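S.K.: show me how the following folds:
(one chain, ligands or ions: 3)
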Amino acid sequence: MNTKELTKRRKTLMRMVGHKGIAIVPSANPVPRNRDVDHVFRQDSDFLYLTGFEEPNALALLIPDKEGDRYILFCRERNADQEIWNGCRAGLEGAEKNYLADKAYAINQLDEILPRLLSDRERIFYPMGRDASFDHKVISWVNQSRGSYRDAKHILHELLSLDYLLHDMRLYKSRSEVSLMRKAAKVSIAAHVRAMQACEPGKHEYEIEAELLYEFKKAGCVPAYPSIVGGGGNTCILHYTENSQVLNDGDLLLIDAGAECQGYASDITRTFPVNGTFSNIQREVYELVLEAQTAAIRKVKPGNHWNDPHHEAVKVLTKGLVGLGLLKGKPAKLIKDEKYRQFYMHRTGHWLGLDVHDVGDYRFDEEWRLLEPGMTLTVEPGLYITRTKGVPKYFWNIGIRIEDDVLVTKDGNQVLTEKLTRDPDEIEALMAGSVH
Ligand code: GLY
Ligand code: MN
Ligand code: MN
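M.R.: Ligands and ions are numbered 1, 2, ... in the order given. Just a heads-up that it's a prediction; the model follows:
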């Protein structure tokens, strides 16, 4: 845990919140999966970013003040009986000693203590609108703070969304964040190589998924999102996660999978032939998507705006679709009429960080946001050709996406996932080596 950096983040946020303000940041809570079983716990990304605290049932307060800023952490008290069942807790002492809270309180005292702390605060920043029950709690704390403390009742409590401040901070990655993203990328690369080498006709999609999970877990990581492992027609289902079908000779396999390392995601897609050799038509479409991705990545640099890589990918793909006979007409007009969307219906990327679709605005007012050093994003063009009347049969079930993770640097960009080849010849060579 990088306590220095965590302290710096809290200071930066407190400066933005300003005197008379307060930021309320709740942890994630356990989510039931089925009787007596919870989903695997994942800490809330905002909370993790500011506290490094991995336990559920906690809440952080950041209270900037002329007299001295305060960081208060509410968390579970230590409890020998509970810890036998569910593992160690930091407790109040740990929260102060290891997580550098100025003061820690038991989470079950929250309703009693928090209203008092709000009584002299004019602006209350919190994750507004994310969880209706939390919205209600905040309002109820504010009401209590007015009701029971007479001299505070004329304070105009402004409720404000914390996202606006915090998510802009999260968009710019520090060196230590980038290094965790590199580690996540490295683990994901090993997983994709293993999957390619394990793939053969007759195996099920879930057997290939198991190879990915093996590499993630072996490195102490978890999947950043449910892995997409789709063969044949399933390559054309954008969010396919059943991963239940047999892989057939002659089909393609699309894998979209990434590891999460200490909270930081990677997000990689590769598409390759189940039998290890691209057919001519598969290769032709693959090379078009690769050309679009290469062109889009070239547009990732400071000064260009968010939509430049997408626009570039659309230009290359549309021209290529005309070349393949899948679209007819002038590319400029086809782009204007969005005809490419029959085969390319998603955008070319998203911010990447603690969340796989990370926070941060893509536009300011009506303008696309400019790319700046430290931002990280995916570049992931694709083409998806389903069984459709009027489309020659030899194109059917060709779904191809190529996705990499890109850091904007001072001079341009760096592809964090560069070491996983995208070249079709190299993919065939890699598949010819075996993993076991
Ligand atoms: N894996 C989700 C995405 O590519 O956006
Ligand atoms: Mn993605
Ligand atoms: Mn992806």
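
S.K.: please report how far the residue lying closest to His357 once chain neighbours are set aside lies from Tyr225.
M.R.: Excluding the flanking residues, the one nearest His357 by Cβ to Cβ, 6 or more residues apart in numbering is His350, at 4.8 Å. The way it works is simple: take the backbone N, C-alpha and C, and place the C-beta from them, glycine included. In this view, His350 and Tyr225 are 12 Å apart by Cβ to Cβ, to the nearest Å.

S.K.: what's the overlap in contacts for the two?
M.R.: Contact with both His350 and Tyr225 is made by residues Val356, according to Cβ atoms under 8 Å, 6 or more residues apart in numbering.

S.K.: how about the strands in the stretch 301-436 of the chain?
M.R.: Here the stretch 301-436 of the chain has its strands, by DSSP state E, counting those that start in this stretch, at 363-364, 367-368, 376-379, 382-385, 398-401, 404-408, 413-415.

S.K.: is the third one anywhere near ligand 2?
M.R.: This means strand 376-379. Yes. Shown here: strand 376-379 in contact with ligand 2 (Cβ under 5 Å from the ion) through Thr378.

S.K.: mean confidence for that strand?
M.R.: Strand 376-379 shows a mean pLDDT of 98.

S.K.: what is it packed up against?
M.R.: helix 280-298, strand 404-408 (3 or more Cβ pairs under 8 Å, 6 or more residues apart in numbering; DSSP states H and E).

S.K.: can you tell me which of these is packed in deepest?
M.R.: strand 404-408 (a mean of 24; mean count of other Cβ atoms under 10 Å).

S.K.: what strands line up against that strand, and which way round?
M.R.: strand 376-379 (antiparallel), strand 413-415 (antiparallel) (DSSP bridges).

S.K.: and that strand, does that touch ligand 3?
M.R.: No. Residues of strand 404-408 are not located near ligand 3 by Cβ under 5 Å from the ion, the shortest gap being 9.4 Å.

S.K.: pull the CA atoms of that strand into PDB?
M.R.: Extracted in PDB, the C-alpha atoms of strand 404-408 (Å, rounded to 0.1, in the frame of the first residue of the first chain):
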ATOM      1  CA  ASP A 404      -5.200  -3.100 -26.500                       C
ATOM      2  CA  ASP A 405      -4.500  -0.800 -23.500                       C
ATOM      3  CA  VAL A 406      -2.900   2.500 -24.300                       C
ATOM      4  CA  LEU A 407      -1.200   5.100 -22.100                       C
ATOM      5  CA  VAL A 408      -1.100   8.700 -23.400                       C
END
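
S.K.: helices of the chain, start to end?
M.R.: Counting by DSSP state H, the chain has helices at residues 3-17, 45-51, 80-86, 91-97, 110-118, 132-148, 163-171, 175-198, 205-218, 280-298, 308-323, 331-336, 424-432.

S.K.: may I see the buried residues of stretch 31-45?
M.R.: 43-45 (16 or more other Cβ atoms under 10 Å).

S.K.: likewise stretch 336-344?
M.R.: Of the residues in stretch 336-344, those buried (16+ other Cβ under 10 Å) are 339-340, 342-344.

S.K.: which one of these sits closest to Thr12?
M.R.: Tyr344 (39.0 Å; Cβ to Cβ).

S.K.: the closest one - nearest residue in space that isn't next to it in sequence?
M.R.: Leu317 (5.4 Å).

S.K.: right, and the one you found touches Leu290 too?
M.R.: No. With contacts counted by Cβ atoms under 8 Å, Leu317 stays clear of Leu290, the gap being 11.0 Å.

S.K.: thinking again about what came up before, can you lay out the buried residues of stretch 336-344 as JSON lines showing pLDDT and distance to Glu77?
M.R.: As requested, the buried residues of stretch 336-344 are arranged in JSON lines below (pLDDT from 0 to 100; distance: Cβ to Cβ, whole Å):
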{"residue": "Lys339", "pLDDT": "98", "distance to Glu77": "62"}
{"residue": "Tyr340", "pLDDT": "98", "distance to Glu77": "58"}
{"residue": "Gln342", "pLDDT": "98", "distance to Glu77": "58"}
{"residue": "Phe343", "pLDDT": "98", "distance to Glu77": "57"}
{"residue": "Tyr344", "pLDDT": "98", "distance to Glu77": "54"}
